[in-house]
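Undergrad: I would like the atomic coordinates for the input below:
(2 chains)
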Number of protein chains: 2
Amino acid sequence: MPDLRQDPIIGRWVIIATERSKRPTDFTRKPDVPRGGFCPLCPGNEDKTPPEVFAIRDAGTRPDTPGWRVRVVPNKFPVLNSLGRLETHTEGLYDKMDGLGSHEIILETPDHTATMSRLSLQDYYTLLLCYRQRILEVKKDGRYRYISIFKNYGKTAGSALEHPNSQLIALPIVPKRTIEELEGSHRYFDEKKRCVYCDIIQQELQTQSRLVHENDAFVAIEPFAPRFPFETWVLPKQHIAAFENTDEALFRPMAEMFSTVFKKIDATLNYPPFNFILHTTPLDSRHEDCYHWHFEITPWLSHLSGFEWGTGFYINPTPPEDAARFLREAEGGRRQSQMHYFDVTHTPGI
Amino acid sequence: MPDLRQDPIIGRWVIIATERSKRPTDFTRKPDVPRGGFCPLCPGNEDKTPPEVFAIRDAGTRPDTPGWRVRVVPNKFPVLNSLGRLETHTEGLYDKMDGLGSHEIILETPDHTATMSRLSLQDYYTLLLCYRQRILEVKKDGRYRYISIFKNYGKTAGSALEHPNSQLIALPIVPKRTIEELEGSHRYFDEKKRCVYCDIIQQELQTQSRLVHENDAFVAIEPFAPRFPFETWVLPKQHIAAFENTDEALFRPMAEMFSTVFKKIDATLNYPPFNFILHTTPLDSRHEDCYHWHFEITPWLSHLSGFEWGTGFYINPTPPEDAARFLREAEGGRRQSQMHYFDVTHTPGI
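TA: A predicted model of the protein is given here:
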C-alpha cells in the first residue's frame, strides 16, 4: 500500500510508493561531470566577466586576476536589474512591477572540473562564508525583500555553465514558496510556541530512520514527505532564522556537513544533476521565533509529469527511509575528528 | 527592463524577460514524435492490459478486442490503489494516510503514431466526452475528493508510454495547487462578486494581445503571468465550475478548440513535449460561483533551475504577448464553419 504523506510545514501531500521502491541503481545514468574546454569563468579569463564585486584571494593578488579561491561577479545576463522602480502598476485586473533585482554569479573554486564531492573542507568553508558575506552586502541596498542563493548542477538541473558556480538573486518581493513556509511555521508556532523545524530535528534525531548525517552543529535528513527521491535537507541544530545571522564558529561544522553529504550523494547516485537551495527568511526580521534556515538538495533522477504540475502533488518512488539508509551507508569522507582546517586569507568583509 | 508579473489567482510572481525574448526557433530540438515498435496498448494487444472499464467502440465489437476509438483501462502499475482506508494517522508531528486512490489510463486513439495535431475533430470530441464520462463514473465511489486528468507527451514531460494516452488519478484529498486556485478565486469573488476567470476572459478578449484562438464557446490565451514559454490556457466562455457539468453541446466547439490549438503548438514549436492538465473543482460542490474549469498546456522547452524550485518564482524568457502572436499566426487547421462532425457510437453511459 503506498503512503500519502503531508509536509508538516507547507501542507503539501506526496505519494510515497512504498512497494516497488526505487533503489539508487534504478536511476542509472551517466555521471554528470564537467568536460572542460574553454571557460570564460576560469582563472586567467577574468576579463571575460564583469569586474568582481567580491573575492577571497591568495595574499598579494589583485582584483580581476588569477589567485582567487572564490570570486563573485555580476551576472552578464541578469534576469533582473537594479535600475527599476519599486512601485507596482496595474494592467486591468493584473499587477506588475519593474524587474528590479540583483543577480550575481558565485564562482566556487578556480578548479573547472571540481565536483561537489571533490571540494575540500577549506573550499566549503570559504564558499559558505562567501554566501553570508554577499547576503550581508546586498541587503544594504535596502530595496530588496528576499535574497535567494542556489546552485544548479548539471544540465537537467538547469545549469548553463559548467564551471562550478552558485547564484544569488535579490528580489523586491518575497517569493511564493517562502511565504508558504513562513505561513506554515507561524501557524505551528502560534499553536505550540515552538519552531516546527526544531521539532522536526528533535524527532528525526530520536527516530534516526531518516537521518543521513549528524555532527555537533548540523543535521542532514531525508524529509518525511519528500517530493523527490533522495531529497535531502541540511539544518543547523541551533535555532537560527536568517542564514546571514549564523555565527562564524558554525561554518566549520557546516563545511564538514556539506562535504560529507555531497560525497554520500555522489557515491550513491553517481554524480547526479541536482539543485542546492538556501531557504532563509525575508530581509525584514519578523520571523525570528518561528523560521529556521536550511538548505534543500534535490537530485534530478527522473522527469516530473503533468500530474505533478497540474496538482502540486508529487509521486516519489523512493521512501525517504530507504534513501536515508543508502546515504548513511555510503562513504562520506573523513570523520570529523580527523579534519584539518586551514586559515582563510579573507579579503573585504569576512 | 524585465517585468515582474503576478498571477491574479494564486498570487505567484514570475519574471518575464522582455528584452532578449526567446522566439520559437531559439528552442530548437528534434520533434518529439512516436517511433513505433511493439506496443501493449495497440489494438490486437488488449490482453496485455487489465480489462477495460470503459470504451467507445465501433458497433458490434466486443470489450477487450479491437474496434475501439477510445479505451480506458486500470493502470497496471497504479500510484494509488482502491484498497486503503480514509483515516489519517500520525507519526510524531507528521500526518499520513493510506495511499487510497484510483489510477486509469485513457487510450486516446487506436493509432499509435497519432500526434495531437493529427487527431481529428471526431477524435477530440470522443476523447473529451470520455474524460467527462470517467469523472462522472469514478465520482460515484464516494471516497474521493478530487479527480485529476492529465496527459504527458514526450519523455521530458514525464511520459513513459508512447501510445497516445491520458491518465486519470482520483485522490482522497484535494491537492495543494487546487486549494491555492480555490482560495484565490474565493478571495476575488468575496471582494468583487464575480468569477476571476470570467473577468480574465473578458479582459483578454478586449485587449487581444494574449489571445491565441477563439470560437463561439471557448477561448485559448497565453496567461498574463505564465511560468513557461508558450504556456497556454483553454477556458469555456460560459461560467462552469466542474468539467463534468459541461453540457454535451459544448463538446463540439471544445473539440475544434483543442484541435486548432494543438495544430498551432506543433506547427510553432515542432512537436514539443508538453503536459496537458485539467483544472477543475473538487468533487464537493462548494465552489460553483467562483471556480471555472480550464485546461493548462505547458510545453517543455527548457529546463527548470534551482531558483524556480527554491522560490516558486519562475523566470520566463518569452513574454506571453510574443508567444500569443506566434501561435495566432501559425496554421491552425480548418475554420469552424467548414468542420464536419460524425455521430459517435456511444458505448455505456455517454
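
Undergrad: can you map out the helices along chain A?
TA: Using DSSP state H, the helices assigned to chain A run over residues A:121-139, A:176-192, A:196-207, A:251-269, A:306-311, A:320-329.

Undergrad: can you put those in CSV and add mean neighbour count, distance to chain B and mean pLDDT?
TA: Backbone N, C-alpha and C define where each C-beta goes, glycine included. As requested, these are exported to CSV (neighbours: other C-beta atoms under 10 Å in any protein chain shown; distance: least, C-beta to the nearest C-beta, whole Å; pLDDT from 0 to 100):
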stretch, mean neighbour count, distance to chain B, mean pLDDT
helix A:121-139, 21, 13, 97
helix A:176-192, 17, 4, 95
helix A:196-207, 18, 5, 98
helix A:251-269, 23, 15, 97
helix A:306-311, 24, 3, 67
helix A:320-329, 20, 11, 96
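
Undergrad: So for B:T61, which of those helices sits nearest?
TA: Smallest distance to B:T61 across these (C-beta to C-beta): 30.4 Å, for helix A:306-311.

Undergrad: what's the distance between the residue nearest the centre of chain A and A:T298?
TA: In chain A, the residue lying closest to the centroid (C-alpha atoms, centre = their mean) is A:I277, at 2.5 Å. As judged by C-beta to C-beta, to the nearest Å, A:I277 and A:T298 stand 8 Å apart.

Undergrad: In the stretch 201-350 of chain A, where is pLDDT below threshold?
TA: Along the stretch 201-350 of chain A, segments meeting pLDDT under 70 span A:304-307, A:309-310, A:333-350.

Undergrad: Apply 50 and report the result again.
TA: Residues of the stretch 201-350 of chain A meeting the criterion pLDDT under 50: A:334-350.

Undergrad: ranges for the strands of it?
TA: A:211-214, A:218-221, A:232-236, A:274-279, A:294-299, A:314-316 (DSSP state E, counting those that start in this stretch).

Undergrad: Is it possible to get JSON lines of the ones you listed that adds distance to B:Y271?
TA: Listed next are the strands of the stretch 201-350 of chain A as JSON lines, based on distance: least, C-beta to C-beta, whole Å:
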{"stretch": "strand A:211-214", "distance to B:Y271": "41"}
{"stretch": "strand A:218-221", "distance to B:Y271": "42"}
{"stretch": "strand A:232-236", "distance to B:Y271": "36"}
{"stretch": "strand A:274-279", "distance to B:Y271": "28"}
{"stretch": "strand A:294-299", "distance to B:Y271": "29"}
{"stretch": "strand A:314-316", "distance to B:Y271": "26"}
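
Undergrad: okay if I get the ones you listed as TSV plus distance to chain B?
TA: Converted to TSV, the strands of the stretch 201-350 of chain A look like this (distance: least, C-beta to the nearest C-beta, whole Å):
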stretch	distance to chain B
strand A:211-214	14
strand A:218-221	12
strand A:232-236	12
strand A:274-279	3
strand A:294-299	6
strand A:314-316	5
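
Undergrad: thought A:P40 was touching A:K48?
TA: Yes - A:P40 lies in contact with A:K48 (C-beta atoms under 8 Å); the separation is 3.7 Å.

Undergrad: Am I right that A:F224 is in contact with B:T90?
TA: No - using C-beta under 8 Å, A:F224 is not in contact with B:T90; the gap is 11.0 Å.

Undergrad: could you pull out the strands for the stretch 1-150 of chain A?
TA: A:3-6, A:13-16, A:54-57, A:68-74, A:88-91, A:94-98, A:102-107, A:146-153.

Undergrad: Check those for me and report the most buried one.
TA: strand A:146-153 (a mean of 25; mean count of other C-beta atoms under 10 Å in any protein chain shown).

Undergrad: average pLDDT across that one?
TA: In this model, strand A:146-153 has an average pLDDT of 94.

Undergrad: Kindly format the C-alpha coordinates of that strand as PDB.
TA: These are the backbone C-alpha positions of strand A:146-153, laid out as PDB (Å, rounded to 0.1, in the frame of the first residue of the first chain):
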ATOM      1  CA  TYR A 146      14.400  38.500  -0.300                       C
ATOM      2  CA  ILE A 147      17.800  37.000  -1.300                       C
ATOM      3  CA  SER A 148      17.900  33.600  -2.900                       C
ATOM      4  CA  ILE A 149      21.100  31.600  -3.100                       C
ATOM      5  CA  PHE A 150      21.100  28.400  -5.100                       C
ATOM      6  CA  LYS A 151      23.200  26.100  -7.200                       C
ATOM      7  CA  ASN A 152      22.200  24.200 -10.400                       C
ATOM      8  CA  TYR A 153      24.500  21.300 -11.100                       C
END
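
Undergrad: what does that strand rub up against?
TA: The contact list for strand A:146-153 (C-beta atoms under 8 Å, 6 or more residues apart in numbering or on different chains) reads A:32, A:106, A:108, A:116, A:131, A:134-135, A:138-139, A:158-159, A:165-171, A:173-175, A:178, A:243, A:273-278, A:280, A:282-283, B:305-307, B:309-311, B:313.

Undergrad: how close does A:R227 sit to A:R177?
TA: Applying C-beta to C-beta to A:R227 and A:R177 gives a distance of 12 Å.

Undergrad: oh, I was asking about A:D199
TA: In this view, A:D199 and A:R177 are 21 Å apart by C-beta to C-beta.

Undergrad: Repeat that for A:P319.
TA: Separation of A:P319 from A:R177 (C-beta to C-beta): 24 Å.

Undergrad: go on, A:I9?
TA: Distance from A:I9 to A:R177, by C-beta to C-beta: 11 Å.

Undergrad: For A:P273, give me its contacts.
TA: So A:P273 contacts A:32, A:153-157, A:159, A:299-300 (C-beta under 8 Å, 6+ apart).

Undergrad: Quick one: buried ones out of these?
TA: Neighbour-count burial (16 or more other C-beta atoms under 10 Å in any protein chain shown) applied to the contacts of A:P273 gives A:32, A:153-154, A:156-157, A:159, A:299-300.
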